[in-house]
Every structure is written in C-alpha cells, then in structure tokens.
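Novice: Sequence and predicted structure are below.
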Amino acid sequence: MMQRFNLSQWAVTHQTLVLFLIIVLSLGGAYSYARLGRAEDPSFTIKVMVVNAIWPGATAEEVQRQVADPIEKTLQEVPYFDKVRTYSKPGSTFMQVQLEDTTPPGEVADIWYQIRKRVGDIRASLPQGVIGPFFNDEFGDVDSALYMLTGDGATMRDLKDAAEDIRQRLLRVPDVEKVRFYGAQDERIFVEFSHSKLATLGIDPQVIFNSIAAQNAVTPSGEIETASDRVFLRVEGALKGVEAVASVPVAVNGTVFRLGDIADVRRGYEDPPSFTARHEGEQALAIGVVMAEGANILTLGENLDQAMDGIKADLPVGLELDMIANQPEVVQDSVGEFIKVFLEALAVVLAVSFLSLGWRTGIVVALAVPLVLAIVMIVLDILGMSLERITLGALIIALGLMVDDAIIAVEMMVVKMEQGYDRLKAATFAWTSTAFPMLTGTLVTAAGFLPVGFAQSTAGEYAGGIFWVVGIALVASWFVAVIFTPYIGVKLLPDFHKHGAAVAEGGDHHDIYDTRLYNGLRRIVEWCVSWRWVVIAAVIGLFAVSIWSFGFVQQQFFPTSPRPELMVEIRLPEGAPIKATEASARVMEEVIAADEEVLTYSTYTGAGAPRWFLASNPELPKPNYAIIVMYTEDAAARDRVKERLQTYIAEGGLPEARVRVTELVFGPPVGFPVQFRVIGPDPLEVRRIAYEVRDVMAQNPNALDPNLDWNEQAKSIRLEVDQDRARALGLTPQDIGRTLQTLLSGLTVTSVRDGIEQVDVVARAVESERLDIEHLAT
C-alpha cells in the first residue's frame with residue numbers, strides 16, 4: 001500500500017486542498033483549545049460510600065454485633081466489594097464501603113443503588129430502636145470554593161442566618177450545583193432541672209415531658225363546610241420560643257406549676273457539639289461550593305467572584321466572609337505554569353532545530369508543532385478531556401517526539417534536493433523510504449505508555465491520559481510529517497546547491513556525506529560492527545548497572561503536590577470528649593499563629609476537613625479528632641513550617657495526642673503509605689496481633705510513629721441494677737435508661753418551629769448533677 005499510493009505526492013499535487021486543511025485545523029484547534037475544560041488534576045471516581053446507623057443506648061459491642069455485622073454481611077454480597085472499615089462506638093456506627101480498585105467507573109452509581117436496596121431490605125431485621133441506616137454516596141464531592149464566615153461577637157444563629165442567605169444567592173450562580181455548610185451547630189432550648197428539687201415537690205420528670213409535648217402537639221382540629229366553602233380550624237398555642245416553653249403549665253396533684261419556676265429554661269446550642277469549625281481562632285461557619293458536572297472551573301471562578309462582590313456588600317455589620325480555598329485560581333495557576341513550561345520546552349526544541357538545520361529548514365519543522373497541537377486539541381475536545389496536570393505533562397513528554405517525524409521528512413527532502421532531485425520529487429521521497437519505519441516507531445513509542453492507559457484501577461483512571469495524549473500527539477505528528485511538512489517544504493525551502501558529480505543511476509549520490517563529521521561517524525560504526533561482542537557486552541553491563549542503580553532512587557508513584565497547604569492532624573485517645581480535642585487544637589493554633597510564614601489557618605474538630613482537594617480523604621466523625629489546615633506562601637515556606645512543627649512535636653509538644661503533619665499528595669488518597677490489616681473473629685486477639693505488628697514496624701528506622709486505627713479502648717461505667725427490686729418498684733430497664741439519659745445527656749421532648757428551623761427542646765439535669773457520678777446512686 002505504501003508503494004502503490006504516495007500520500008506525500010498527493011499532498012504536493014493538491015496544494016490548494018492541503019492549504020485549506022491547514023487553515024481548518026488551525027482554526028479548529030484554537031476553537032477547541034478555548035472550549036477545553038481546565039482542572040488541576042484529572043478527575044477519578046471515589047469508590048467509597050459511607051453507611052451509618054444510630055442505636056441510642058447500645059454499647060459499642062452491641063452496635064457492632066447487632067447492627068454493623070448484619071449490614072457488613074449484606075455489603076459483602078455486592079459486586080466488586082473490596083472491604084468495609086467500620087467504626088462502632090456507643091450508640092452509633094459508621095462504615096466506609098470500599099469497592100475494588102478495578103471497578104469500572106460507569107458501574108459505581110448502580111452499585112451504590114444496590115447497596116441502598118439490599119441494606120434497606122434488612123432494615124426490619126435490625127433491633128428495635130435502630131435509626132437508619134443512612135447512606136452518603138456523595139463522599140467524593142469536591143468543594144471548588146470554600147469560604148469562612150466569621151463575626152466578632154456574632155452568635156452561631158447570626159452566622160447561620162447570613163449563611164442561608166448566601167446559600168440562596170450562590171445557588172443562582174451559573175455552574176453551581178450545591179452549597180454545603182460545615183461547622184453549623186444546631187440550636188437547642190434546654191430545660192434543666194434538679195432531680196432533688198423535683199423529688200421534694202413530688203413531680204415526676206415524665207409529667208414535665210408530657211406537658212411540654214402536649215402543649216406543642218400539632219393535631220387536626222376539624223373543619224366547617226358551608227354551602228360555598230370549606231374552612232379549616234386551627235388551634236393556636238404551639239411553642240414559639242424560650243418564653244413560651246418557660247410558660248408551659250405543669251399540673252401535679254391539683255397544683256399547677258409554671259415550668260420556668262421549677263426548671264431553668266434557656267436557649268443555646270447542641271452540647272457537646274458534634275462538629276465545629278474555627279478560622280484563625282474564631283468561631284466560624286464554613287461554606288463549600290460544589291461545581292456542576294461538566295462545567296468549566298475557570299468560568300465558575302469568574303461567576304463566583306462577581307456574585308461575591310454583591311454578597312459581601314450586603315453582609316450584616318460585623319460579619320466577614322473569607323475565601324480560604326480557591327480551586328479556580330489554583331487551576332489557572334497550575335495550567336498557566338504547565339503552559340509556561342511547555343512553551344519553554346518548545347522554544348528549546350525549535351532553537352535546536354534552527355541551529356542544526358538552518359533557519360528556513362527550522363521554520364518548516366517549527367510549523368509542524370502548532371499543526372500537531374491543533375489536531376491534539378481537536379481530538380481532546382471530541383473525547384471530552386480537559387487540560388490538567390496529566391494531559392499537559394503528556395504533551396511535554398511528547399514534545400521532543402512530535403518533531404522527530406517532521407525533522408526526518410524535511411532532512412530527507414533537503415538531502416535529495418542536494419543530490420539533484422527536483423523539489424516535488426524530493427518532497428515525496430520520504431514516503432517511499434521512511435514513512436513506514438516512522439509509523440512503526442511512532443506506534444512502538446505510544447505502546448510504551450499502554451499499561452498506564454488501560455490499567456483497570458484508580459491509578460489508571462487518574463494517569464491514563466498520558467497514553468491517550470502521547471498516542472494522539474505522536475500519530476498526529478506522523479500525519480503532519482507525511483502530508484503537511486512536504487507541502488510546507490515545497491513552499492519554503494530554498495534551492496539547495498547540487499553537490500558533487502551527476503546523479504548516479506537510481507538517483508543515489510553520496511558525495512554530500514564525504515565530510516569530516518560523516519567520515520568520523522562511519523569509522524565509529526565500523527568499529528562497533530567489528531567489535532560487536534564487546535559492544536553487546538558493554539550494553540548488557542550498562543543495563544545491569546542501571547537496574548542496580550534503581551535501588552538507590554526514591555520511589556513514589558504519585559509525587560507530593562507543590563501546593564502551599566499543610567495539614568496538622570490531632571488524635572486524642574479513644575473516648576476523649578470533643579472539648580478536650582478542641583483544647584489541644586487551640587494549643588496547636590497558638591503555635592501556628594506565632595509562625596510568620598503561615599498566612600492563614602482553619603480548624604475542624606470532630607471530623608475531617610471538607611474535601612477541597614480531590615485526593616484528600618476526610619476523616620469520619622470522631623470527637624477525639626481535629627485537623628488544622630494552614631496556608632503558606634509557597635512550597636518552600638510550607639516545608640520550612642512543616643519542619644518547625646515536627647520539631648515542636650518531637651520535643652514534647654501536645655504530649656496527650658498523636659499528631660501528624662502532612663502535605664497534599666497527588667493521585668488517589670492512600671492515608672498512610674504502609675498499612676497492614678489484621679482480620680479475625682475475636683476483637684481482643686485481633687488487637688493483640690495488631691500490637692505485635694506495630695512493634696515490628698517500629699523497629700524499622702524508616703517508620704515514623706506506627707499506630708493502630710482502633711486506638712485505645714474507651715472507658716465505660718457498668719451500672720448493675722437489682723432487677724428484682726426494680727421490678728418490685730415497677731421499673732423496667734427502659735425506664736432506668738431513659739432516666740439516666742435525661743440526667744446525663746438530655747432527652748429531646750419536642751421541637752419548636754422557628755421559621756425554617758426546627759429547634760429541639762432538650763430536658764436534662766442541671767450541670768452540678770450531670771457532672772457528679774456519685775449522683776447516679778440517688
């Protein structure tokens with residue numbers, strides 16, 4: 001086929017059509033480049049789902065055996081199931097379901113549906129009183145922009161009211177899919193009473209609960225039908241605030257008490273809080289913006305900037321809204337940096353071409369580059385790919401290769417013109433002599449990236465663009481070399497002086513190679529052929545040395561990100577309250593605030609930070625966990641701050657906690673770089689073996705602070721009840737548990753409707769009785 005049809009000859013004999021194709025491809029490439037999406041990193045599917053359930057009053061072991069175990073067994077029947085990480089604590093359980101790395105991304109959504117359906121089918125078999133299970137399959141949503149709303153002296157209600165207005169305005173911004181809040185604490189109306197006082201008055205706490213609930217009940221009140229209308233009756237009197245709750249009448253043995261006279265009624269926030277956010281030491285409410293699928297993040301950034309100008313101008317006095325994570329800006333800087341590097345590499349390649357080939361020949365080679373890039377942009381646009389770290393990096397890799405075919409074609413043309421060929425015949429000679437070898441070399445080079453492109457894994461999904469972009473660029477460079485380079489050469493190359501004697505029969509002429517350079521190269525080749533076994537042995541030896549040298553090269557599949565963020569994770573012993581975690585986090589905040597190279601920082605207590613970076617892996621809700629995210633000027637400043645913080649920790653800072661300082665890493669989230677999993681039916685034996693594994697890891701000098709994700713066993717108090725006496729008094733375990741729940745943690749009696757908010761009314765003992773363990777005996 002190569003011999004029968006000469007594509008280069010067709011190009012130089014249909015010059016008008018080829019010129020038209022060049023114009024169309026150039027315009028199409030520019031149009032596609034403007035349309036292509038921009039991103040910092042390629043998107044990949046987060047194959048993790050969170051399932052949680054609540055069983056108030058149950059121990060951690062009961063939750064695990066009666067709730068988590070049945071759900072886990074059902075999850076194991078799901079296709080592509082890999083493993084489930086379960087975190088059970090008294091009253092609740094959280095499960096992270098992870099699918100196999102080879103799960104096709106297109107099937108993940110259907111698997112999440114299967115999980116919802118199958119787990120929902122066993123809901124009736126779970127113990128009575130279990131709330132849920134609940135599912136979160138949006139675990140992989142990334143907040144493209146993250147704001148911190150703060151205010152000097154502002155209450156959480158002030159922040160929530162302002163944030164709700166901001167949410168409504170942001171949802172109207174083009175390309176915004178959803179707006180989420182982090183660190184918003186729900187309001188409560190607390191009814192706090194002394195059990196000893198109630199006992200003196202002869203008031204059963206249950207009477208108080210029933211009185212509050214009855215006063216706030218919503219019940220049908222009938223309707224009146226007339227000849228023309230139907231009128232619904234409404235009975236007023238529902239609770240609408242603290243004063244209304246304090247005025248609830250409590251009737252006991254013919255005596256009516258006002259609730260505010262026998263209990264302290266006040267408004268507050270959930271206590272203890274489940275999750276808090278702070279910005280530079282101040283109470284804050286984080287607002288995350290998720291971009292709509294398929295939108296351009298740079299366009300989103302422009303839309304958000306315009307919307308924020310009006311939003312900030314309308315904020316209540318004293319409130320401030322700071323942007324702490326700006327993904328559009330990061331993407332713009334990242335893409336701009338890669339394009340800068342690409343242009344620098346392109347300049348080097350073209351400079352070498354001009355110096356080695358001459359300026360007119362170099363121009364022919366140089367013009368091949370924008371044509372190849374135009375074709376690449378068009379194909380990327382058709383495939384729906386974006387310009388991000390992987391695709392731009394692949395273009396840089398392919399840059400030196402995409403001019404090879406053009407150089408071969410134009411040099412062959414120059415040589416043949418110097419040998420006496422006419423311009424058109426010289427332009428078509430490369431097709432008959434080098435086109436097929438060039439194509440073979442192109443395909444072999446592209447095949448070198450084949451394993452990455454077709455890897456059925458998250459890593460392949462993340463980095464697979466290398467194969468496609470390099471392959472597209474190299475194939476496009478071959479077509480440019482055999483179609484457009486001959487045409488451009490015919491138009492731009494000068495008439496070269498004919499060297500030596502007349503052209504020999506067959507068109508061969510070798511006088512132009514009779515130079516010092518070529519003669520020296522010929523002698524080297526002749527020596528290598530004569531001493532071929534020595535050359536072969538040397539090549540094998542160098543290959544062996546290179547393999548041996550690989551052992552001294554640091555190996556990391558995905559490199560550390562150059563982004564300036566730095567994270568400090570704080571873990572207190574299992575069972576530590578969130579207030580103790582907050583206290584430790586505040587100590588670390590003081591250290592961070594004193595560092596001049598830290599620009600700003602935000603703290604999240606009770607759970608992980610929002611996923612503002614695709615490769616991050618937010619921690620599940622845990623009261624003993626906090627994370628501080630800080631921002632520095634650049635990667636160099638980040639590394640210096642990290643070193644100082646690690647020194648502070650090594651010297652005994654925060655001795656009550658396990659502290660880890662990390663930076664962002666590209667690629668799918670991995671948590672710790674080396675992890676072992678111990679599985680078995682007996683939790684105590686599993687823990688014992690895990691401790692042994694940890695001790696072995698600790699002996700490795702390269703291992704830093706090996707730890708267990710189970711952590712320590714939480715403390716508990718076992719209350720033994722004389723069941724015979726309890727039954728004689730008419731008390732059931734449910735009665736006792738309800739009383740203790742009210743005494744210690746509080747019992748939700750009803751909810752007050754306050755605008756769009758539902759404010760729970762929580763009854764509990766006064767603080768002096770809640771914190772006095774000895775009071776349990778009474």
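Specialist: Nice, thanks for sending it over. Numbering: from 1, shown residues only.
Novice: make it CA atoms for all contacts and neighbour counts henceforth
Specialist: Noted.
Novice: what about the stretch 351-500 of the chain, any weak spots by pLDDT?
Specialist: Filtered on pLDDT under 70, the stretch 351-500 of the chain yields the residue ranges 496-500.
Novice: For stretch 612-621, measure first residue to last.
Specialist: This stretch, stretch 612-621, spans 17 Å end to end (Cα to Cα, to the nearest Å).
Novice: List the contacts of that stretch.
Specialist: If you take Cα atoms under 8 Å, 6 or more residues apart in numbering as the criterion, stretch 612-621 is touched by 43, 94, 140, 142-146, 274-275, 325, 327, 606-611, 664-669, 671.
Novice: how does the protein divide into domains?
Specialist: 1-33+360-498, 48-136, 143-186+276-328, 189-233+243-269+723-777, 516-554, 565-671 (automatic domain parsing).
Novice: Let me know the secondary structure of the one residue sitting closest to the centre of the chain.
Specialist: When Cα atoms, centre = their mean is applied to the chain, the residue found nearest the centroid is residue 614 (2.0 Å). Counting by DSSP: H, G, I helix; E, B strand; the rest coil, the backbone at residue 614 sits in coil.
Novice: From residue 462, how far out is it?
Specialist: Using Cα to Cα, one obtains 11 Å as the distance from residue 614 to residue 462.
Novice: Flag the shaky bits of the stretch 501-650 of the chain, pLDDT-wise.
Specialist: In the stretch 501-650 of the chain the weaker segments, taking pLDDT under 70 as the threshold, are 501-514, 556-557.
Novice: Show me the helices in it, by range?
Specialist: Assigned by DSSP state H, counting those that start in this stretch, the stretch 501-650 of the chain shows helices spanning 516-530, 532-549, 578-593, 635-650.
Novice: out of these, which comes closest to residue 319?
Specialist: helix 578-593 (21.4 Å; Cα to Cα).
Novice: Output the contacting helices and strands for that closest one.
Specialist: Secondary-structure packing of helix 578-593 (3 or more Cα pairs under 8 Å, 6 or more residues apart in numbering; DSSP states H and E): strand 565-571, strand 598-605, strand 625-632.
Novice: hang on, the earlier thing: would you mind giving me the PyMOL syntax to select the buried ones in the contacts of stretch 612-621?
Specialist: Buried subset of those, written as a PyMOL selection, criterion 16 or more other Cα atoms under 10 Å:
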select buried, resi 43+94+140+142+143+144+145+146+274+275+325+327+606+607+608+609+610+611+664+665+666+667+668+669
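Novice: Return the subset of the contacts of stretch 612-621 lying in strands.
Specialist: 94, 143-146, 325 (DSSP state E).
Novice: I'd like to know which of those is nearest to residue 416.
Specialist: Comparing these against residue 416 with Cα to Cα picks out residue 144 as the nearest, at 57.1 Å.
Novice: on that earlier part again, between the helices of the stretch 501-650 of the chain, which gets nearest to residue 754?
Specialist: It's helix 578-593; of the helices of the stretch 501-650 of the chain, that one is closest to residue 754 (Cα to Cα) at 27.9 Å.
Novice: Render the CA-only coordinates of the closest one in CSV, please.
Specialist: Below are the C-alpha coordinates for helix 578-593, written out as CSV (Å, rounded to 0.1, in the frame of the first residue of the first chain):
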residue,chain,number,x,y,z
ILE,A,578,-14.7,16.9,71.8
LYS,A,579,-14.0,19.7,74.3
ALA,A,580,-10.6,18.1,75.2
THR,A,581,-9.9,17.8,71.5
GLU,A,582,-10.7,21.5,71.0
ALA,A,583,-8.4,22.4,73.9
SER,A,584,-5.5,20.5,72.2
ALA,A,585,-6.3,22.1,68.9
ARG,A,586,-6.2,25.6,70.4
VAL,A,587,-2.7,24.9,71.8
MET,A,588,-1.6,24.0,68.3
GLU,A,589,-3.3,27.0,66.9
GLU,A,590,-1.2,29.3,69.1
VAL,A,591,2.0,27.6,67.8
ILE,A,592,0.8,28.1,64.2
ALA,A,593,-0.4,31.6,64.7
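Novice: Other residues contacting that helix?
Specialist: Residues contacting helix 578-593 (Cα under 8 Å, 6+ apart): 272-274, 280-281, 570-572, 598, 603, 605-606, 623-628, 654, 657.
Novice: now do 6 Å
Specialist: Contacts of helix 578-593 with the rest of the structure, by Cα atoms under 6 Å, 6 or more residues apart in numbering, involve 623-624.
Novice: now stretch 373-381
Specialist: Under Cα under 6 Å, 6+ apart, the answer for stretch 373-381 is 26, 29, 32-33, 36, 473.
Novice: Same list, the residues you listed, but as a markdown table with distance to residue 565 please.
Specialist: Shown next, in a markdown table, are the contacts of stretch 373-381 (distance: Cα to Cα, whole Å):
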| residue | distance to residue 565 |
| --- | --- |
| 26 | 40 |
| 29 | 35 |
| 32 | 33 |
| 33 | 30 |
| 36 | 27 |
| 473 | 34 |
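Novice: Out of these, list just those in helices.
Specialist: 26, 29, 32-33, 473 (DSSP state H).
Novice: Please convert the residues you listed to a markdown table, extending it with distance to residue 650 and neighbour count.
Specialist: What follows is the ones in helices among the contacts of stretch 373-381, written out as a markdown table (distance: Cα to Cα, whole Å; neighbours: other Cα atoms under 10 Å):
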| residue | distance to residue 650 | neighbour count |
| --- | --- | --- |
| 26 | 59 | 20 |
| 29 | 55 | 24 |
| 32 | 53 | 20 |
| 33 | 50 | 19 |
| 473 | 50 | 27 |
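Novice: which one of these is nearest residue 367?
Specialist: Checking the ones in helices among the contacts of stretch 373-381 against residue 367 by Cα to Cα gives residue 26 as the nearest, at 11.1 Å.
Novice: Give me the nearest residue to that closest one, chain neighbours excluded.
Specialist: Nearest non-adjacent residue to residue 26, counting by Cα to Cα, 6 or more residues apart in numbering: residue 374, 5.7 Å away.
Novice: distance between the strand or helix carrying that neighbour and the chain's centre?
Specialist: Here residue 374, judged by DSSP states H and E, is contained in helix 359-383. From the chain centre to the centre of helix 359-383 is a distance of 34 Å (Cα atoms, centre = their mean, to the nearest Å).
Novice: list the buried ones in it?
Specialist: Those would be 359, 361-369, 371-381, for helix 359-383 by 16+ other Cα under 10 Å.
Novice: which residues touch the helix or strand following it?
Specialist: Note on helix 359-383: by DSSP H and E, the next helix or strand toward the C-terminus is helix 389-402. Residues outside helix 389-402 that contact it (Cα under 6 Å, 6+ apart) are 40-41, 342, 465-466, 470, 474, 477.
Novice: Quick check: next helix or strand after helix 389-402?
Specialist: Assigned by DSSP H and E, the successor of helix 389-402 is helix 404-418.
Novice: for that following helix, packing partners?
Specialist: Under the contact definition 3 or more Cα pairs under 6 Å, 6 or more residues apart in numbering; DSSP states H and E, helix 404-418 sits against helix 423-447.
Novice: repeat that with 10 Å
Specialist: helix 327-357, helix 359-383, helix 423-447, helix 465-479, helix 485-492 (3 or more Cα pairs under 10 Å, 6 or more residues apart in numbering; DSSP states H and E).
Novice: what's the spacing between it and its chain's center?
Specialist: Distance, stretch centre to chain centre, for helix 404-418: 49 Å (Cα atoms, centre = their mean).
Novice: buried stuff in it?
Specialist: Neighbour-count burial for helix 404-418, counted by 16+ other Cα under 10 Å, picks out 404-418.
Novice: Mind exporting the C-alpha coordinates of it to CSV?
Specialist: What follows is helix 404-418 as a C-alpha-only set of coordinates in CSV (Å, rounded to 0.1, in the frame of the first residue of the first chain):
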residue,chain,number,x,y,z
ASP,A,404,11.1,13.8,15.1
ASP,A,405,9.0,12.8,12.1
ALA,A,406,8.9,16.3,10.7
ILE,A,407,12.7,16.5,11.0
ILE,A,408,13.2,13.2,9.2
ALA,A,409,10.9,14.2,6.4
VAL,A,410,12.4,17.7,5.9
GLU,A,411,16.0,16.4,6.1
MET,A,412,15.3,13.7,3.6
MET,A,413,13.9,16.4,1.3
VAL,A,414,16.9,18.6,1.8
VAL,A,415,19.3,15.7,1.1
LYS,A,416,17.5,14.7,-2.1
MET,A,417,17.5,18.3,-3.3
GLU,A,418,21.2,18.5,-2.7
